[in-house]
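Novice: Sequence and computational prediction follow.
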Amino acid sequence: MSGPEWAVVTGASSGIGEHLARGLAARGYGLWLIARRTEALERLAGELRDTHQVSVRVRTCDLADPAAREKLAGELAGEPVSVLCANAGFPTCGPFSENNPAEETAEVQVNVVSLHALTQALLPGMLARRHGRVLVTGSTAGCQPVPTAATYSATKAFANAFAESLHIELRGTGVSCTLLAPGPVRTGFYATGGISSLQRHAFLAWLTPRRVAEAGLRGMARGRRVVVPGPVAKAQYLAGRHTPRALLFPVLRAAVLPLFRNARGTITNRRTVNSRK
């Protein structure tokens with residue numbers, strides 16, 4: 001490959017996405033930083049340019065907006081991108097029937113449709129060059145149904161299955177796809193879902209976004225199929241995949257649902273405003 005290698009990071013303004021961008025810049029990649037918050041992206045871009053002397057492009061985009069997403073996909077399709085970190089996502093929590101329908105729809109657009117559309121835009125170029133990496137941020141929540149986070153767990157089930165399927169399809173092409181499936185991570189993600197007080201529960205063994213991002217980047221570089229950082233996440237991942245539903249649902253009702261209910265009970269109702277990060 002001649003010239004600088006470019007990486008695209010969605011959801012780059014905070015959390016895991018921010019640290020994916022930091023890790024890629026430290027590895028010498030030029031960056032496309034994509035999120036809704038221009039100020040946060042510009043601040044990160046300036047820091048990465050100064051610290052790592054890499055090229056950084058800021059591209060503000062609401063991935064829930066079909067027209068904006070289509071325009072972005074068209075722009076990226078013509079670029080020599082070597083890495084796609086499809087990381088953007090957010091949760092809605094609470095009974096599905098009570099949640100804001102617009103937020104529920106936006107969640108599917110961001111967590112599922114944007115992942116699908118940007119991969120579809122960038123993968124042909126990677127295959128033509130026989131060089132590329134895709135890193136999909138899924139979740140251990142995608143390994144089992146999660147009542148009170150029904151849409152979120154369903155969107156992550158798509159992300160998980162999509163990434164693992166592509167991993168097999170891409171063998172021998174010079175391109176790989178890796179699923180990053182974290183468990184509990186200390187980010188603004190939980191505040192967005194209205195359950196920030198859940199982070200008070202130390203037994204969930206919360207990881208930092210930097211640790212999760214670095215694990216994902218290392219696994220991606222090695223062409224691994226799945227990366228599940230941390231022992232708690234590994235236990236969640238295995239239990240969600242292999243525990244019979246007849247046993248799993250009573251555990252969720254007895255242990256998990258009360259955590260979500262209590263966490264939501266301490267938060268002012270957020271569903272009248274669009275507070276996605």
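Specialist: Arrived safely.
Novice: Give me the neighbour count for Arg241.
Specialist: Burial of Arg241 is recorded as 12 neighbouring residues (other Cβ atoms under 10 Å). (C-beta placed from N, C-alpha, C; glycine too.)
Novice: Could you double-check that it lies in contact with Cys143?
Specialist: Yes. With contact defined as Cβ atoms under 8 Å, Arg241 and Cys143 form a contacting pair (5.0 Å).
Novice: So which bits of stretch 57-76 are buried?
Specialist: Buried residues in stretch 57-76, counting neighbours by 16 or more other Cβ atoms under 10 Å, are found at 58-65, 69, 72-73, 76.
Novice: so which two of those residues are the farthest from each other?
Specialist: Farthest-apart pair in the buried residues of stretch 57-76 is Val58 and Ala64; separation 18.8 Å (Cβ to Cβ).
Novice: if we can go back for a sec, just checking, which of the buried residues of stretch 57-76 belong to strands?
Specialist: Among the buried residues of stretch 57-76, the members found in strands (DSSP state E) are 58-60.
Novice: Dump these into TSV; add distance to Glu104 as well.
Specialist: Converted to TSV, these look like this (distance: Cβ to Cβ, whole Å):
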residue	distance to Glu104
Val58	29
Arg59	26
Thr60	24
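Novice: buried set for the helix or strand Leu238 falls within?
Specialist: Following DSSP states H and E, one finds Leu238 within helix 231-242. Using 16+ other Cβ under 10 Å as the test for burial, helix 231-242 gives 232-233, 236-237, 240.
Novice: Return the residues in contact with Ala73.
Specialist: Taking Cβ atoms under 8 Å, 6 or more residues apart in numbering, we find Ala73 in contact with 117-118, 120-121.
Novice: Only alpha carbons, please: show stretch 78-90 as PDB.
Specialist: The C-alpha coordinates for stretch 78-90 follow below in PDB (Å, rounded to 0.1, in the frame of the first residue of the first chain):
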ATOM      1  CA  GLY A  78     -14.600   6.800  -3.000                       C
ATOM      2  CA  GLU A  79     -11.800   6.900  -0.400                       C
ATOM      3  CA  PRO A  80      -8.900   4.500   0.100                       C
ATOM      4  CA  VAL A  81     -10.000   3.400   3.600                       C
ATOM      5  CA  SER A  82      -8.100   0.500   5.200                       C
ATOM      6  CA  VAL A  83     -10.000   0.300   8.500                       C
ATOM      7  CA  LEU A  84     -13.700   0.700   9.400                       C
ATOM      8  CA  CYS A  85     -14.500   0.800  13.100                       C
ATOM      9  CA  ALA A  86     -18.300   0.600  13.100                       C
ATOM     10  CA  ASN A  87     -18.700   1.700  16.700                       C
ATOM     11  CA  ALA A  88     -21.700   4.200  16.800                       C
ATOM     12  CA  GLY A  89     -24.600   3.100  18.900                       C
ATOM     13  CA  PHE A  90     -26.800   4.000  21.800                       C
END
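Novice: Pull out the buried positions in that stretch.
Specialist: Residues of stretch 78-90 classed as buried: 80-90 (neighbour count, 16+ other Cβ under 10 Å).
Novice: Roughly how far does Val227 sit from Val212?
Specialist: 9 Å (Cβ to Cβ, to the nearest Å).
Novice: So if I had to pick from the two, which one is more boxed in?
Specialist: Neighbour totals were compared for Val227 and Val212, and Val212 leads with 28 against 21 (other Cβ under 10 Å).
Novice: Was I right to think the more buried one contacts Gly183?
Specialist: No. Between Val212 and Gly183 there is no contact under Cβ under 8 Å: 9.1 Å.
Novice: what sits in contact with each of those two?
Specialist: Taking Cβ under 8 Å, 6+ apart as the contact rule, Val212 and Gly183 both touch 229-230.
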